[in-house]
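Q: following is a predicted model, sequence given first.
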Amino acid sequence: MKLRLTLIGTMAVACATIQLTAMPTEEETRQAEPLVQKMLASERAALESRKKTCSEVAAAAMKLSSKADTDAVKLLLMKGAFAFYVQDGNLKEAAETMNALKAAIPDIPPQSVTNIIETALVRVPKKEDGAQLYKLIDKAKAESTTEKTRKDIAKLFPGWSLDSEVPQENRKDWASGFCANHRGQDNVLRLHPVNKKTPVVLSRTVTLSNKNPCLLLKVASWDEGSDFLLSVRVNGKYAMPNQIVCTSDLEPWEDLVVPLSDWRGSSVKIEIILSANNWWCEWSHFARIEIAEGNGLEKVVAEAKKTFGGYTWSYRVYNDEATIVSKSGVQFACAVSPKPTGHVSIPPTLNYIKVVNIGRESFRDCGELESVTIPEGIRAIGPDAFKGCRGLRSVTIPSGVKSIGRGAFFCCSGLTAVTFQEGVEVIGQGVFSYCTNLTSVTIPSSVTNIGTWAFSDCSRLKSVTILGNVRQIGSQAIWNCPELTSVTIRGERPDAPNDIFKKCGKLKSIHVPANAKSWAGMKTWQGIPLVFDVK
């Protein structure tokens, strides 16, 4: 009797796991159940009398499924076969049966597959014994993630489809697909490359207008420290080659226009390709994907070169503004050729176009660069822009610069002087980490945010002065500075974790304003005594 109930229970589970999105429908499956029980009556009797094993009953069910008249009957028989193979410990056959079921019923939702397997795995005593089946669950969950992402894309950007799988992510806040809000934008699409070598691809087949068609993209990275490679192909030809997308805290979204005039009036397949760069938080975000009309010149995305001051400069143009960039898609490729030595002045214009940004890794590992002049027109210094420039001795940040990206001067061990003009608002993560000859830092009142590890491991740093409006200081911002003896904060108390001065053993006091409300009544901060003597 027990085995008979097991068989009926298995069939009941099979009915319960059918989803409305599957074929056959739930009603069709329910109606097929009595027929399936009748077809298996003799097998059930043989099982109860111990004349057959569960695996033999499963094999018989599979044979019957190949002759089934309806998909509902086929589905129930194959699910029953799967459950009995698992019950008998024949997990290899069970895995093969599940693959056969998915091939026979291609519309079965991945979630139903997961439910069927997880229900059967209750009978497997050891997790390692069910390794093959757990792999099937992982595959089904990945398929479920991809299926959901495809639906999200269809809702957010009608006409666009997913041409690849997307990696499964267990954390909901990192999952691919619809994102309610990201960096100030609502209703965002989030995607990630499949792996280091395999991109994720969005595509659309469309007939372009006869005027001046273009592709409008509003894109963002996960944060100012992450990136991804973005390219666009039209009928297999690159309309925009690989470019690194790493948006800043100050400008978290980037508007791009990809001209499509070369294909005007044609039926084309457009592919948006998202590839890995450093394989560190490669999440891409889209708030806009739209084919529109325009002259394609307002925000041209292009690569160009110009000789200035004895060097050849690589740059891109966005909306009539230039960004100095390293070679597309190539890590650690300097934007300046040959690699600069001694002093270099960054040109204020290139081909009469104003230079506004020093792009990511533009001068990375230019070890013989000693000093640099940054023109007033520069608004942002990108992540890792001067990373590893060990010969760099001094730098002046002009007032036009609003943000300094993550690791911009990381490991510039020869740097002795950094001069900030009023205007800088954001100092990113690890900007001056391992900066070892740096002895003093004065943060201007325009700065509102100092990132994680901004001045960590500055072994000769002795004094830090924060002039005014810093609201946030990141973790370990001034960590492991053993010679630090003087910290003066001339404004209200910033938000900061308890480790910003960790391993700064010589720091015995922090000087703060006598009349600042946020310091009132406090005797220590970060475990360090306060001195109220700043006017």
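A: Received, thanks. Since the model is a prediction, treat every value here as computed from it, not as a measurement.
Q: which residue is nearest the middle of the chain?
A: residue 283 (1.5 Å; C-alpha atoms, centre = their mean).
Q: give the contact list for the nearest residue to that one once chain neighbours are set aside.
A: Nearest residue to residue 283, sequence neighbours excluded (C-beta to C-beta, 6 or more residues apart in numbering): residue 222, at 4.3 Å. Heads up, the C-betas are built off the backbone N, CA and C, glycines and all. By C-beta atoms under 8 Å, 6 or more residues apart in numbering, the residues touching residue 222 are 281, 283, 285.
Q: closest to residue 495 among those?
A: Within the contacts of residue 222, the smallest distance to residue 495 is 23.5 Å, found for residue 281 (C-beta to C-beta).
Q: what are the boundaries of the strands in the stretch 401-535 of the chain?
A: Assigned by DSSP state E, counting those that start in this stretch, the stretch 401-535 of the chain shows strands spanning 403-404, 417-420, 426-427, 440-443, 449-450, 463-466, 472-473, 486-489, 510-513, 524-525, 528-534.
Q: now distance to residue 229 too, for those strands, in CSV please.
A: Output for the strands of the stretch 401-535 of the chain, formatted as CSV (distance: least, C-beta to C-beta, whole Å):
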stretch, distance to residue 229
strand 403-404, 22
strand 417-420, 31
strand 426-427, 24
strand 440-443, 34
strand 449-450, 27
strand 463-466, 37
strand 472-473, 30
strand 486-489, 41
strand 510-513, 44
strand 524-525, 43
strand 528-534, 44
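Q: got those strands as CSV, with distance to residue 33 and mean pLDDT columns?
A: CSV is the format used below for the strands of the stretch 401-535 of the chain (distance: least, C-beta to C-beta, whole Å; pLDDT from 0 to 100):
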stretch, distance to residue 33, mean pLDDT
strand 403-404, 64, 90
strand 417-420, 75, 84
strand 426-427, 64, 89
strand 440-443, 73, 91
strand 449-450, 63, 90
strand 463-466, 73, 93
strand 472-473, 62, 92
strand 486-489, 74, 95
strand 510-513, 75, 94
strand 524-525, 71, 94
strand 528-534, 73, 93
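Q: neighbours of residue 101, how many?
A: Residues near residue 101, counting by other C-beta atoms under 10 Å, number 22.
Q: okay, residue 178: pLDDT?
A: The score at residue 178 is 91. That number is its pLDDT.
Q: mind starting the numbering at 16 from now?
A: Noted, 16 is the first residue going forward, which turns the last one into residue 193.
Q: please name the bridge partners of it.
A: Going by DSSP bridges, residue 193 is paired in beta bridges with residue 204.
Q: quick check: it vs residue 166, distance?
A: Distance, residue 193 to residue 166, by C-beta to C-beta, to the nearest Å: 9 Å.
Q: contact partners for residue 526?
A: Residues in contact with residue 526 (C-beta under 8 Å, 6+ apart) are 501, 502, 503, 504, 545, 546, 548, 549.
Q: switch to 10 Å and redo it
A: Neighbouring residues of residue 526 by C-beta atoms under 10 Å, 6 or more residues apart in numbering: 480, 501, 502, 503, 504, 505, 545, 546, 547, 548, 549.
Q: where do the helices sit along the stretch 116-265 of the chain?
A: Using DSSP state H, counting those that start in this stretch, the helices of the stretch 116-265 of the chain run over 125-136, 146-171.
Q: what's the most buried one of those?
A: Among those, the stretch with the highest mean neighbour count (mean count of other C-beta atoms under 10 Å) is helix 125-136, at a mean of 20.
Q: just want the angle from it to helix 146-171.
A: Inter-element angle recorded for helix 125-136 and helix 146-171: 160 degrees (by axes from the mean of the first three to the mean of the last three C-alpha atoms, to 10 degrees).
Q: need the contact list for residue 300.
A: 194, 197-198, 200, 203-206, 233-237, 243, 260, 262, 267-268.
Q: who's it bridged to?
A: Under the criterion DSSP bridges, residue 300 forms beta bridges with residue 205, residue 235.
Q: distance of it from residue 69?
A: On the measure of C-beta to C-beta, residue 300 and residue 69 end up 50 Å apart.
Q: quick check, nearest of the contacts of residue 237 to residue 283?
A: Distances from residue 283 to the contacts of residue 237, taken by C-beta to C-beta, are shortest for residue 300, at 25.0 Å.
Q: that older thread, what's the distance between the residue nearest to the centre of the chain and residue 270?
A: Taking C-beta to C-beta, one finds residue 298 at 19 Å from residue 270.
Q: same check on residue 60?
A: 71 Å.
Q: before we move on, what about residue 72?
A: 63 Å.
Q: who's more crowded, these two?
A: residue 72 (24 against 15).
Q: that one sits in which helix or strand?
A: helix 69-80 (DSSP states H and E).
Q: of the strands of the stretch 416-550 of the chain, give the one that comes closest to residue 360.
A: Per C-beta to C-beta, nearest to residue 360 of the strands of the stretch 416-550 of the chain: strand 432-435, 16.0 Å.
Q: partners of the closest one in the sheet?
A: By DSSP bridges, strand 432-435 pairs with strand 409-412 (parallel).
Q: got the buried residues for the partner strand?
A: The neighbour-count check on strand 409-412 (16 or more other C-beta atoms under 10 Å) flags 410, 412 as buried.
Q: for that strand, C-alpha coordinates in CSV please.
A: Listed next in CSV are the C-alpha coordinates belonging to strand 409-412 (Å, rounded to 0.1, in the frame of the first residue of the first chain):
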residue,chain,number,x,y,z
SER,A,409,53.9,67.2,-8.0
VAL,A,410,50.5,68.0,-9.3
THR,A,411,48.1,70.9,-9.1
ILE,A,412,44.4,70.2,-9.4
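Q: contact partners of that strand?
A: Applying C-beta under 10 Å, 6+ apart, the contact partners of strand 409-412 are 385-389, 393, 396, 401, 404, 419, 423-424, 427, 429-436, 438-439, 442, 459.
Q: cutoff 6 Å now
A: Residues from elsewhere that reach strand 409-412 (C-beta atoms under 6 Å, 6 or more residues apart in numbering): 386, 387, 432, 433, 434, 435, 439.
Q: nearest to residue 253 among those residues?
A: residue 387 (32.6 Å).
Q: isn't the closest one up against residue 360?
A: No. Counting by C-beta atoms under 6 Å, residue 387 stays clear of residue 360, with 7.5 Å between them.
Q: can you get me a residue count around the nearest residue to residue 519 once chain neighbours are set aside?
A: Once flanking residues are discounted, residue 519 sits nearest to residue 499: 4.5 Å by C-beta to C-beta, 6+ apart. If you count neighbours by other C-beta under 10 Å, residue 499 ends up with 24.
Q: just residue 71 next, same as before
A: 15.
Q: measure it to residue 324 for me?
A: In this view, residue 71 and residue 324 are 84 Å apart by C-beta to C-beta.
Q: for the stretch 16-165 of the chain, which residues score under the pLDDT cut-off?
A: Across the stretch 16-165 of the chain, the ranges flagged by pLDDT under 70 are 16-38, 138-145, 156-158.
Q: sorry, wrong one. I was asking about the stretch 266-415 of the chain.
A: Short version for the stretch 266-415 of the chain, where the test is pLDDT under 70: 310-317, 342-348.
Q: backbone dihedrals for residue 351, please?
A: The phi and psi values for residue 351, taken as degrees, to the nearest 10, are phi -120, psi 130.
Q: tell me how far it lies from residue 280.
A: Distance from residue 351 to residue 280, by C-beta to C-beta: 41 Å.
Q: more neighbours: those two, which one.
A: Applying other C-beta under 10 Å to residue 351 and residue 280 shows that residue 351 carries more neighbours, namely 21 against 11.
Q: surely the more buried one meets residue 324?
A: No. Contact criterion C-beta under 6 Å: residue 351 and residue 324 do not qualify, at 9.4 Å.
Q: who touches both of those two?
A: If you check residue 351 and residue 324 against C-beta under 6 Å, 6+ apart, no residue is contacted by both.
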